[in-house]
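**Q** structure, please.
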Amino acid sequence: MLNLTQHPATPEQVAAGVVDLPPAQRATLSAWLTFDTLPTQAEVFERAQVLAGIVAGDSKSVRCDPHTQALIGGAPFLMAPLEAALSARGITAFYAFSVRESIEQTQQDGSVRKIATFKHAGFVAGNKFD
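**A** This next block holds a predicted model:
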């Protein structure tokens with residue numbers, strides 16, 4: 001499962017089969033996932049096609065071995081077009097599922113510091129609710 005998110009895979013995700021792009025190629029991936037201005041619908045669909053091409057192994061900007069699964073996440077308005085572009089290439093999209101664990105620590109001054117960690121707990125397949 002190729003990681004198509006902004007964040008490197010956690011050790012638990014790597015153990016479950018998630019593969020990150022090499023660091024130099026992650027920068028290009030990040031550029032395709034990042035929107036600094038309000039995108040047009042055409043731009044969103046173009047980026048979805050480029051990202052799907054990365055997973056399929058046919059991208060000219062990022063070379064990788066073809067994959068049949070992709071871990072996706074990011075701008076909500078990109079996810080449905082990305083799922084469709086991946087599905088058209090026979091690639092299954094997955095979303096990470098994590099459990100939030102919160103710890104409250106009382107500080108010396110009496111204040112309370114809350115620390116939240118997210119622990120990987122599995123994957124949810126996109127568009128696979130039948």
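
**Q** where do the strands of the protein begin and end?
**A** Using DSSP state E, the strands assigned to the chain run over residues 2-4, 69-72, 92-106, 112-125.

**Q** what's in contact with the third one?
**A** Pointing back at strand 92-106 there. Contacting residues not belonging to strand 92-106 are listed as 1, 5, 13, 68-73, 82-83, 86-87, 112-128 [CB atoms under 8 Å, 6 or more residues apart in numbering]. (C-beta placed from N, C-alpha, C; glycine too.)

**Q** okay if I get the strands of the chain as a markdown table plus mean neighbour count?
**A** Formatted as a markdown table, the entries for those read as follows, by neighbours: other CB atoms under 10 Å:
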| stretch | mean neighbour count |
| --- | --- |
| strand 2-4 | 24 |
| strand 69-72 | 23 |
| strand 92-106 | 13 |
| strand 112-125 | 11 |
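
**Q** what would those look like in JSON lines with mean pLDDT and distance to Ile54?
**A** Listed next are the strands of the chain as JSON lines, based on pLDDT from 0 to 100; distance: least, CB to CB, whole Å:
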{"stretch": "strand 2-4", "mean pLDDT": "96", "distance to Ile54": "7"}
{"stretch": "strand 69-72", "mean pLDDT": "96", "distance to Ile54": "9"}
{"stretch": "strand 92-106", "mean pLDDT": "92", "distance to Ile54": "13"}
{"stretch": "strand 112-125", "mean pLDDT": "89", "distance to Ile54": "19"}
